[in-house]
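Trainee: Any chance you can model this:
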Amino acid sequence: MAGRINDEDVKAVRDAVPIDAVVSEYLQLRNAGGGNLKGLCPFHDEKSPSFQVSPSKGFFHCFGCQEGGDTITFVMKIDHLTFSEAVERLAGQAGITLRYEEGGYNPTHQRGERIRLVDAHKIAAQWYAEQLATSPEADTGRAFLAERGFDQAAAQHFGVGYSPQGWDHLTRFLRGKGFSDKELILSGISQEGRRGPIDRFRGRLMWPIRDIGGDVVGFGARKLYEADNGPKYLNTPETAIYKKSQVLYGIDLAKKDIAKASRAVVVEGYTDVMACHLAGVTTAIATCGTAFGGDHIKILRRLLMDNGSARVIFTFDGDAAGQKAALRAFEDDQKFAAETYIAIAPDGMDPCDLRLAKGDDAVADLAEPRTPLFEFALRQIVARYDLDTPAGRASALDEAAPVVARIKNSGAQHEVAVQLAGMLGILDTQFVVKRIAQLARWSRDRGGRGAAPGPDRHQHGGTPQHQTAPTRPGPRGPALNLRNPVFATERELLKLALQRPDLVSPAFDAYGVDEFTAPPYAAVREAILEAGGVEFGVQDPQDYLVRVREVAPDDTVRAMVTELAVEAIMLHRGVKDVDDVYAGAQLVTVRRRAVERRIRDITGRLTRLSTHGDPAEQAAVANELWILQQYDQNLRVQGSAAL
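Mentor: Modelled structure (predicted):
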């Protein structure tokens, strides 16, 4: 095993790779105010963005699920990596050579399993591409691409390759690169043969499948020869790095344009993605040997940000299989906040065939949204019945009404219900509307009475800025009521101590843990103290938050530190900026409340002593009370100057 990564190198990696650059590889980020960015959390389902990134602090935090941390933590969680694997990946991106405390520099064979599997796929993809470009045997593959309108430049752009027909050409090549037989089997690149591993893909055209971060995690292989008894398309089997339900072909190329345009075009195959991109539809993606489902939706929602203008256009063949795929997609339609549409090319052609037959403009035109997916689904249902008879119309309504009832937005549901009445030829429109509204109520009731309804599905307008919730679960003790002014001020002071230590130093370091009445805040105050106080934050702002998180006693306190480091400072009305005056006001308020609590305690003690107590002790307590009252008066008059 490799030794522990040198601390200086970990720090160098953390500083070299901006957290917003890493996070934006996986989801769309927008301005959240106060220098922060926001997006839909990749770690739990949500409708409104509660996931915030602070580029200046190098931290992220989700105010919904409480996940948080730095750049390394994000990569660990999003790609299920160990700490070392995450650091190694980021170091590779930054061009940093890592040192290890034991065993010197990290040799290739010591790297984490996921990194090794990704490396094997990267080398294999390069090897396949080289075979397609130079091997005489690959003429068949080059001809296949040319017949579909793809030249050598297109093949290079998408990394298309060729796997030779021999048994173990790639396996032997990767062995020569230091990969073990076990790694080749685990990667799915090789499979067990009678005398050891052999190539899984032989005599096929190869498309590298990349995850959203751009790493090759699998391959899609198209049959070229009649002698090949395998399926037309053969994909990498499920592995530690490849889950077909969680990858979208072309997402690495399309993600930025999807986020920019708030539009995604879902096609059915690899060549369709190529045709769309070459025709200027650079938001096209495809599934990899599986139906479009919930995990794919999660990927797109993070990029689309679920704003009211987002569009998802599905292109399917006009045949029965394509129509069935469209109806499957509609089953998940309500998981999108985006509008969903279907596009079917003339004569049932897919985008690749359409580009060949009618050119790039025809493909671009196909990707323009026209028919809402719900309308297509309803027409498919209605077409199965004889609408000339009352029984046929009634049966069609019975099947179609539950579909319309699933639409969450009541306004959109009413509008579609009216359309359905027209499709069926039912003159009593209100009968259809009431029937669907009744089904919707029954559906909600079955889902649980009293459950809060979800947000409107097709509402327009931007998402409101994140607002601090009235209660917030704390790492220790009950949930915090943030409407309590005591808790609210303590929270503000801790945010200043973590985000702007220069404004509260050195006064904050003299504050006792007991001056913070909320147990979670007392725990954070203690962590700041253990990390060297705000004075350390002023001296070394780069390492300050990292150290505070490291000394936190448990994950819940660590999460609270991250939350407070990312959350925007809540300026009062009329206050334009965070400055010495604002910071001083928080310092004074927290201190005065602590002094007032102490005054109440001592007043009660003095009352008890006045009944039957030692006169000397009574005098000492009275003197302490007088001193505290004078201090409170000075704080009230002089403000932070009295601290």
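Trainee: Confirm M274 sits in a helix?
Mentor: Yes - assessed with DSSP: H, G, I helix; E, B strand; the rest coil, M274 lies in a helix.
Trainee: can you tell me the helix or strand for I209?
Mentor: Assigned by DSSP states H and E, I209 belongs to strand 204-210.
Trainee: Name every sheet partner of that strand and say whether each one runs parallel or antiparallel.
Mentor: Applying DSSP bridges, strand 204-210 is found paired with strand 161-163 (antiparallel), strand 216-223 (antiparallel).
Trainee: Single out the most deeply packed of these.
Mentor: strand 161-163 (a mean of 28; mean count of other Cβ atoms under 10 Å). In this view, the C-beta of every residue, glycine as well, is placed from N, C-alpha and C.
Trainee: Would you point out the helix or strand in this structure whose mean pLDDT is lowest?
Mentor: None of the helices or strands of the chain scores lower by mean pLDDT, DSSP states H and E than strand 471-472, at a mean of 48.
Trainee: T287 against I251, yeah?
Mentor: No - distance between T287 and I251: 10.5 Å, which falls outside the contact criterion (Cβ atoms under 8 Å).
Trainee: Who has more neighbours out of the two?
Mentor: More crowded of T287 and I251, by other Cβ atoms under 10 Å: I251, with 23 against 19.
Trainee: Go ahead and confirm that one touches I212.
Mentor: Yes - counting by Cβ under 8 Å, I251 does reach I212; the two are 5.1 Å apart.
Trainee: who touches both of those two?
Mentor: I299 (Cβ atoms under 8 Å, 6 or more residues apart in numbering).
Trainee: where along the stretch 101-250 of the chain do the strands fall?
Mentor: When secondary structure is read from DSSP state E, counting those that start in this stretch, the stretch 101-250 of the chain shows strands at 161-163, 190-193, 196-199, 204-210, 216-223, 233-235.
Trainee: for the stretch 351-500 of the chain, same thing?
Mentor: 371-372, 471-472, 480-481.
Trainee: So what's the residue count around Q618?
Mentor: Residues near Q618, counting by other Cβ under 10 Å: 15.
Trainee: wait, D445
Mentor: 11.
Trainee: now do R441
Mentor: 11.
Trainee: From L205, how far out is it?
Mentor: 53 Å (Cβ to Cβ, to the nearest Å).
Trainee: Report the residue spans of this structure with pLDDT below the cut-off.
Mentor: Low-confidence segments of the chain (pLDDT under 70): 1-3, 102-112, 306-308, 317-327, 330-337, 446-482, 572-576.
Trainee: What is the longest helix of it by residue count?
Mentor: Ranked by residue count, the top helix of the chain under DSSP state H comes out as helix 580-612.
Trainee: now the helix or strand just after that one against helix 580-612, angle please.
Mentor: With elements assigned by DSSP H and E, the helix or strand that comes after helix 580-612 is helix 615-638. Between helix 615-638 and helix 580-612, the angle comes out at 160 degrees (axes from the mean of the first three to the mean of the last three Cα atoms, to 10 degrees).
Trainee: quick one: helix 615-638 to chain centroid distance?
Mentor: Per Cα atoms, centre = their mean, to the nearest Å, the displacement of helix 615-638 from the mean C-alpha position of its chain is 55 Å.
Trainee: Can you name the helix or strand that V265 falls in?
Mentor: Here V265 is assigned to strand 263-267, by DSSP H and E.
Trainee: helices or strands next to that strand in the packing?
Mentor: On a contact count with 3 or more Cβ pairs under 8 Å, 6 or more residues apart in numbering; DSSP states H and E, strand 263-267 meets helix 270-278, strand 284-286, helix 294-304, strand 311-315.
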